[in-house]
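# need a structure here:
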Amino acid sequence: MSTESQKLVEMRGITKRYPGVVANEDVTFDVEYGEVHTLLGENGAGKSTLMKILFGLTPADEGEVLLRGEPISISSPADAIDARIGMVHQHFMLVQPLTVAENVALGLRSGRRPFTDLDVVSKRIHELSEAHGLAVDPSTEVWRLSVGERQRVEILKALYRDAELLVLDEPTAVLTPQEVDDLFVILRHMVDDGRGLIFISHKLHEVMSLSDRITVLRNGRVVGSTTPAESTRESLAEMMVGREVLLTPRKPVLAAGRPRLSIRDLSITGDRGAVSVDNLSVEVHAGEILGVAGVSGNGQRELAEAIAGLRPVDAGTIQIDGTDITRATTASRREAGLAYVPEERMRDGAIGEFTVSENLVLVNHGSSEFAKRGLFSHAAIRKHSEDKVNEYGVKTPTVDTPTSSLSGGNIQKVIMARELGVKPGILLACQPTRGVDIGSAEYIHRRLIEQRSEGAGTLLISEDLDEVLGLADRIAVMFEGRIVAIVDAADAKREAIGLMMAGVLDD
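Predicted structure coming up:
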């Protein structure tokens, strides 16, 4: 086999421009048969654009793509699938009213044309689900699924099509460590069979574990290529960001204080009418970060919404500093000292059409600081907003810029600045760094630790086990709506936490 034929895919001199932005600039990238080539970079580095070009979702302005040594024009995902290129997208490409089986079958030929043989599809999905530990019901409509279950459907879609080249864009965000290990075994088998795999992940330990080669993008350009043997997590982070990055948060030793959030015997009904939180009790103390670890769909979202006042409680009580807020209004909860960083930042945390300034005073614009006799003090609001933008390092042209035009990391900083600016007694932080780049995540972690040092209690709900292990003082593991164990972070072992997340407990 010639050197040329060993390349499963080559992307040569790829350039893609958008108004005011060069997303990719003269990028050359290739994948050989039988290798995992990781594409690494911060949000906005150009990774997703490059993969959209490969998958036919957007055309390149310059450059060419060679597949199996031959030039190819991929102008649509259908072309990519026909060429045996599969892609698991970071943002789900699913039709919500359709079932899992119908989503998997979309675009596939059927032996019962013009009808789709869903029984055959469902049987194969069951087989793949059991083989890969990606349990999902083929007959369930996608809109009923949790975020984690939808991610599993995306992975199953690609596996179902037996892709020769598979692109995985952040595929492990909602899997337990054991499920990640199982998935990596499957992916390694695929690679051993001669397939090529492009892996995109922010989780550097996964990159080091799975990759054969690593290419780093920064500001749309390739800044270097390396291998796990030649790299460390720290060196990869520095290549991505362009400066040294603190990967493990430094936490001062603190003695936990009085209980600030007390939850007793809490039960909540989920959207599907079943119990999603089942007789749950937990406390969060002053000067403590309590991390909740669990696979998506095990009641974490419903628990957070109940604490925030966005979901009714069937039974049990919630108290902040001794005040019962179980059925209080959201305003009363804030007055009691609660701040809330929601899981879905653009749905629940910020209003995209509003300016940065408007979002920064969204929850306290009626306070005496910003309003006098029913009239806004625009000068006070602007000064407050500019101070917060500077304090939290929000990258925005002005405080009058629409929030929707900011990057995900900067939108998250706006939300953090607003919520922490009121000096809360309890911070409810849900997926605080989901989808943000490594530099922004480092900053958000530092702010959470500062909040801890100031005596607040923080309930951190995250599907990123590294984040929980790095930030939490104690870790509560949720499975099927219950807290099945609470362990001190100093004694926590990744493997043991992962097993508990899957419902496996020591006798």
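
# buried sites along the helix or strand containing R382?
Assigning secondary structure by DSSP states H and E places R382 in helix 378-392. Neighbour counts using 16 or more other C-beta atoms under 10 Å place A380, I381, H384, S385, K388, V389, Y392 of helix 378-392 among the buried residues. Any C-beta I mention is one placed from the backbone N, CA and C, and that applies to glycine too.

# in the stretch 151-300 of the chain, which spans are strands?
165-169, 196-200, 213-218, 221-226, 259-269, 275-285, 288-293 (DSSP state E, counting those that start in this stretch).

# highest mean neighbour count out of those strands?
For the strands of the stretch 151-300 of the chain, average neighbour numbers computed from mean count of other C-beta atoms under 10 Å are highest in strand 288-293, which has a mean of 26.

# beyond the helix holding R382, next helix or strand please.
With DSSP H and E, the next secondary element past helix 378-392 is helix 408-420.

# give me the angle between the helix or strand just after that following helix and strand 275-285.
Going down the chain from helix 408-420, the next helix or strand is strand 426-430, by DSSP H and E. Using axes from the mean of the first three to the mean of the last three C-alpha atoms, to 10 degrees, the direction of strand 426-430 lies 140 degrees away from that of strand 275-285.

# all further residue positions should be reported with the first residue as 383.
In the new numbering, first residue 383, that becomes strand 808-812.

# buried set for the helix or strand following strand 808-812?
Scanning the chain past strand 808-812 towards its C-terminal end, the next helix or strand to appear is helix 820-835 (assignment: DSSP H and E). With burial defined by 16+ other C-beta under 10 Å, the residues of helix 820-835 counted as buried are 820-827, 829-831, 833-834.

# do stretch 514-523 as well
Along stretch 514-523, the positions that meet the burial threshold by neighbour count (16+ other C-beta under 10 Å) are H514, G515, L516, V518, D519, P520.

# list the contacts of the fourth one.
Residues counted as contacts of V518 (C-beta atoms under 8 Å, 6 or more residues apart in numbering) are V482, I507, S511, L527, E531, R534, V535, L538.

# what kind of secondary structure is it in?
Taken by DSSP: H, G, I helix; E, B strand; the rest coil, the conformation at V518 corresponds to coil.

# and the two most separated of the buried residues of stretch 514-523?
Set against one another by C-beta to C-beta, those have their most distant pair in G515 and P520, with a gap of 16.0 Å.

# hmm, back to that, quick one: list the elements packing against the helix holding R764.
If you count contacts as 3 or more C-beta pairs under 8 Å, 6 or more residues apart in numbering; DSSP states H and E, helix 760-774 packs onto helix 738-742, helix 790-802.

# put together CSV for those helices, with mean neighbour count, distance to P459 and mean pLDDT on each row.
As requested, those are exported to CSV (neighbours: other C-beta atoms under 10 Å; distance: least, C-beta to C-beta, whole Å; pLDDT from 0 to 100):
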stretch, mean neighbour count, distance to P459, mean pLDDT
helix 738-742, 24, 35, 93
helix 790-802, 24, 24, 87
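
# residue farthest from the centroid of the protein?
In the chain, the residue that sits farthest from the middle, by C-alpha atoms, centre = their mean, is R755; the gap is 42.8 Å.

# residues contacting it?
So R755 contacts nothing (C-beta under 8 Å, 6+ apart).

# cool, F474 as well?
By C-beta under 8 Å, 6+ apart, the residues touching F474 are R532, Q533, V535, E536.

# do that again at 7 Å, thanks
F474 sits next to R532, E536 when contact means C-beta atoms under 7 Å, 6 or more residues apart in numbering.

# V562 is nearest to which of the helices and strands packed on helix 760-774?
With C-beta to C-beta as the measure, helix 790-802 is the member of those nearest V562 (22.8 Å).

# who's in contact with that closest one?
Here helix 790-802 makes contact (C-beta under 7 Å, 6+ apart) with 425, 721-723, 727, 731-732, 738, 741-742, 744-745, 770, 773-778, 785, 809, 814, 817-819, 822, 826, 829, 833.

# before we move on, what about stretch 860-869?
Contacts with stretch 860-869, where a contact means C-beta under 7 Å, 6+ apart, come from 657-660, 662, 664, 674, 676, 680-682, 856-859, 882-883, 885, 887.

# so which of the helices and strands packed on helix 760-774 comes closest to L449?
Across these, the minimum distance to L449, taken as C-beta to C-beta, is reached by helix 790-802, at 31.7 Å.

# low-confidence stretches in the stretch 533-682 of the chain?
Within the stretch 533-682 of the chain, the set of residues satisfying pLDDT under 70 comprises 555-557.

# likewise the stretch 733-882 of the chain?
In the stretch 733-882 of the chain, residues with pLDDT under 70: 748, 817.

# go with 80
Scanning the stretch 733-882 of the chain with the threshold set as pLDDT under 80 gives 746-757, 759, 789-791, 816-819, 822.

# coming back round to it: as CSV, the buried residues of stretch 514-523 with distance to D653 and pLDDT would be great.
Shown next, in CSV, are the buried residues of stretch 514-523 (distance: C-beta to C-beta, whole Å; pLDDT from 0 to 100):
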residue, distance to D653, pLDDT
H514, 26, 71
G515, 25, 67
L516, 22, 74
V518, 17, 88
D519, 15, 91
P520, 20, 94
